[in-house]
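In: Everything below, folded, please.
(one chain, ligands or ions: 1)
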Amino acid sequence: MNLELDGKVAIITGGSKGIGRAAALGFLNEGASVLICARGRDSLDETVAAAGHAARERIEAITADLTDGNAIPRIVARCVERFGRLDILVNNAGSARTGPFLDLSDEAWLSDWSLKFFGYVRMARAALPLIQQSGGGVILNVIGAAALNPRASYTIGGAANAALNHFTKALAEEAAPHGVRVVGINPGPILTERLLKMRGGLDPRSAAQPAAEAFRTMTPLGRVGQPEEVADLILFLASPRAAFIHGANITIDGGLTRGLMG
Ligand SMILES: NC(=O)c1ccc[n+]([C@@H]2O[C@H](COP(=O)([O-])OP(=O)(O)OC[C@H]3O[C@@H](n4cnc5c(N)ncnc54)[C@H](OP(=O)(O)O)[C@@H]3O)[C@@H](O)[C@H]2O)c1
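Out: Model prediction:
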């Protein structure tokens with residue numbers, strides 16, 4: 001299938017690792033240009049290196065902390081300066097701590113929401129007019145299946161994800177008349193640095209049986225997902241081939257979510 005992404009320009013927040021990195025490399029493979037941003041310089045440089053010499057002219061990597069609202073105008077301005085336009089925003093940089101509800105302070109909630117909720121809202125607000133100016137495009141929010149599976153141990157992230165599922169649909173109504181599609185993606189457990197950290201360092205690739213077993217029981221398919229599997233969905237949803245998918249939140253979780261809405 002030709003995804004018709006050749007010549008498109010995408011911003012991918014958190015594009016240096018995990019799902020964002022896989023998406024960035026996928027867009028480059030399809031002939032698009034990408035701006036990736038994250039806090040750490042080393043993993044940004046490593047992703048640029050992984051893109052290879054042939055794609056060097058089509059990738060820009062800048063450091064930015066998405067919890068800081070002031071960083072956001074700089075990110076979109078750099079994209080337009082370097083590539084002259086913006087067609088696709090992938091809101092992806094996010095994480096939230098786990099822990100017993102009574103141990104979570106206001107500061108913990110505000111700090112984690114400043115990335116996983118306000119980071120997405122602020123990026124969408126900055127990107128929408130530029131995508132409109134390009135004649136239309138797509139905003140994709142990489143959210144999380146925790147939105148649909150409330151757990152006492154993950155109140156901050158689960159509530160932020162639920163809010164982002166709502167925001168995706170509300171923004172879709174606003175953006176449609178301007179030719180901008182808005183779609184949310186709810187991944188289940190995906191094998192990235194973040195998942196390994198959340199699981200206390202257990203690694204399903206290790207020979208240790210308890211680790212392998214813990215990951216096998218996470219989904220009905222008996223495995224966790226790979227970042228490239230989510231990246232493939234991101235690329236499809238960003239492409240004109242998905243032109244009628246709008247205001248939807250799509251789950252990719254190996255069958256984990258059993259509710260009828262996910
Ligand atoms: N992996 C899963 O199982 C899973 C499940 C459900 C939802 N998700 C969601 O999918 C998205 C990607 O997750 P992932 O597993 O790929 O994560 P990851 O491997 O930890 O990568 C996160 C990316 O975001 C960047 N980042 C983190 N904090 C940032 C900040 N304050 N400002 C700017 N960039 C920041 C990281 O780089 P730096 O650390 O250098 O900043 C990195 O590039 C997240 O929104 C996550 O909530 C993941």
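In: Give me every residue in the stretch 101-250 of the chain lying close to the ligand.
Out: Within the stretch 101-250 of the chain, the positions lying close to the ligand (CB under 6 Å from any ligand atom) are 115, 142, 144, 187, 189-190, 192-195. C-beta: built from backbone N, CA, C; applies to glycine.
In: any idea which of those residues is closest to Ile62?
Out: Using CB to CB, Leu115 is the member of these that lies nearest Ile62, at 16.8 Å.
In: show me the residues around that closest one that make contact.
Out: Contacts of Leu115 were listed using CB atoms under 8 Å, 6 or more residues apart in numbering, and they are 66-67, 93-96.
In: I'd like those residues laid out as a markdown table, including neighbour count, secondary structure and distance to the ligand.
Out: Shown next, in a markdown table, are the contacts of Leu115 (neighbours: other CB atoms under 10 Å; DSSP: H, G, I helix; E, B strand; the rest coil; distance: CB to the nearest ligand atom, whole Å):
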| residue | neighbour count | secondary structure | distance to the ligand |
| --- | --- | --- | --- |
| Leu66 | 25 | coil | 4 |
| Thr67 | 18 | coil | 5 |
| Ala93 | 27 | coil | 4 |
| Gly94 | 25 | coil | 3 |
| Ser95 | 15 | coil | 6 |
| Ala96 | 25 | coil | 7 |
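In: what element comes up after the helix or strand of the chain with the lowest mean pLDDT heading to the C-terminus?
Out: One helix or strand of the chain scores below all others by mean pLDDT, DSSP states H and E: helix 209-216, with a mean of 75. Next helix or strand after helix 209-216 toward the C-terminus (DSSP states H and E): helix 227-238.
In: CA-only coordinates of the helix or strand just after that following helix in CSV, if you can.
Out: Using DSSP H and E, the helix or strand that follows helix 227-238 in sequence is strand 248-252. What follows is strand 248-252, C-alpha atoms only, in CSV (Å, rounded to 0.1, in the frame of the first residue of the first chain):
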residue,chain,number,x,y,z
ALA,A,248,-11.8,8.1,16.9
ASN,A,249,-9.6,6.6,19.6
ILE,A,250,-8.1,3.3,18.4
THR,A,251,-6.8,0.6,20.7
ILE,A,252,-3.7,-1.5,19.9
